[in-house]
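K.L.:
dropping the sequence and predicted coords here.
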Amino acid sequence: MTGLYVCAHEVADAIARGRPVVALETTLVTHGLPHPHGVSAALAVEKEIREGGAIPATIGILRGAIRIGLTHAELKELATTPGIIKVNLSNLAATVAAGCPGATTVAATMFAAHAQGISVLATGGIGGVHRDASISGDVSADLTALSRTPIAVVCAGAKAILDLPRTVEMLETLGVPVFGLQTNEFPAFYRRSSGLSVDRRMDTIEELASATRAHFALGLGTGVLIANPIPVSDELPSETYERALETALSDAERQDVRGRSVTPFLLERLRVLSEGESLRSNLALLTNNARVAAQLATALGRSG
């Protein structure tokens, strides 16, 4: 079928010319941050990518098409649509076919970006194995996408609300390499350290690009996870983080929050319980990841 993808001219031109492009998801805009913070964060991330010499390609679903490279007006439209659909691999086709607006998760964004020839994606933190997964079976489709989509995802680890040890173990099981940028440990989103090891530490963008390119050239078929810790100055204080997280998890259990609603519920509770500190940290790690993603996309293009 034609018309399922609409690629902005700037993005299409950059892809055709072999210029660096960085894909961006949109659940950040609609479910990760309260309006208008989501839109302003998306624009700040796009600005960071441009300043890094790459072209941002923010992805979302509008009017029956997957749109690669949303305008400011389209971002605002997604952010202000009541009951906006959180689009994953399982409901991507149905959302497009129905003509409904939707915000793409990391998994759906990876799929769409790869289909257009984009090899780098920047996000805050990936989804993973939820803390009650042994009972609920709740494991993010981000891990499924990473297991079968050859694209590099730059993140500050997995979202702090998850079961990080099981998430890291699942990444290994699925054959997804985790490269730590100037770190030996898997980051914990708001915190730099989780006590869990990455597969290999890389101290420069050039090292990172070389290993990423080798992974793709070998045809291993999986994505690559780039673990980029939040800057030291922007870490959420340990006491604030632990207290807010414990309360948020308890609130979710008491209110029986399930499925796709869990992550946005917990992130919003963390924002409230930390008196906005988690929002500040979130914005800082997002722009930091965008900066690294632009550098990586540029390096991959230089030596590709």
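P.N.:
Arrived safely, thanks for sending.
K.L.:
wait, residue 126 sits on residue 145?
P.N.:
No - at 9.2 Å, residue 126 and residue 145 do not qualify as touching, with contact defined as Cβ atoms under 8 Å. The C-beta positions use only the backbone N, C-alpha and C, and glycine is treated the same way.
K.L.:
and the strands in this protein?
P.N.:
5-7, 21-24, 55-62, 65-68, 85-87, 102-104, 120-122, 152-155, 178-181, 200-202, 224-227 (DSSP state E).
K.L.:
the first one: partners in the sheet, and parallel or antiparallel?
P.N.:
Paired with strand 5-7 in the same sheet, following DSSP bridges, are strand 65-68 (parallel).
K.L.:
tabulate the CA atom coordinates of the partner strand in PDB.
P.N.:
Extracted in PDB, the C-alpha atoms of strand 65-68 (Å, rounded to 0.1, in the frame of the first residue of the first chain):
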ATOM      1  CA  ALA A  65      -0.300   7.900   7.900                       C
ATOM      2  CA  ILE A  66       2.900   7.500   9.800                       C
ATOM      3  CA  ARG A  67       4.500  10.900   9.600                       C
ATOM      4  CA  ILE A  68       8.300  11.100   9.700                       C
END
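K.L.:
the residue lying closest to residue 15 once chain neighbours are set aside and residue 5, how far apart?
P.N.:
Of all residues not flanking residue 15 in the chain, residue 117 sits nearest, at 5.2 Å (Cβ to Cβ, 6 or more residues apart in numbering). When distance is defined by Cβ to Cβ, to the nearest Å, residue 117 is 11 Å away from residue 5.
K.L.:
again with residue 78
P.N.:
If you go by Cβ to Cβ, the gap between residue 78 and residue 5 works out to 17 Å.
K.L.:
go on, residue 174?
P.N.:
27 Å.
K.L.:
which of residue 117 and residue 5 has more residues huddled nearby?
P.N.:
Under the criterion of other Cβ atoms under 10 Å, the comparison of residue 117 against residue 5 puts residue 5 first, with 16 against 12.
K.L.:
what sits against that one?
P.N.:
65-68, 112, 115-116 (Cβ atoms under 8 Å, 6 or more residues apart in numbering).
K.L.:
7 Å - rerun?
P.N.:
65-66, 68, 115-116 (Cβ atoms under 7 Å, 6 or more residues apart in numbering).
K.L.:
and residue 184, how far is that from residue 79?
P.N.:
As judged by Cβ to Cβ, residue 184 and residue 79 stand 37 Å apart.
K.L.:
these two: who's more crowded?
P.N.:
With neighbours defined as other Cβ under 10 Å, residue 184 and residue 79 compare such that residue 79 has more, 23 against 12.
K.L.:
give me the number of residues near the closest residue to residue 85 other than its chain neighbours?
P.N.:
Ranked by Cβ to Cβ, 6+ apart and with sequence neighbours excluded, the top spatial neighbour of residue 85 is residue 102, at 4.1 Å. By other Cβ under 10 Å, 26 other residues sit near residue 102.
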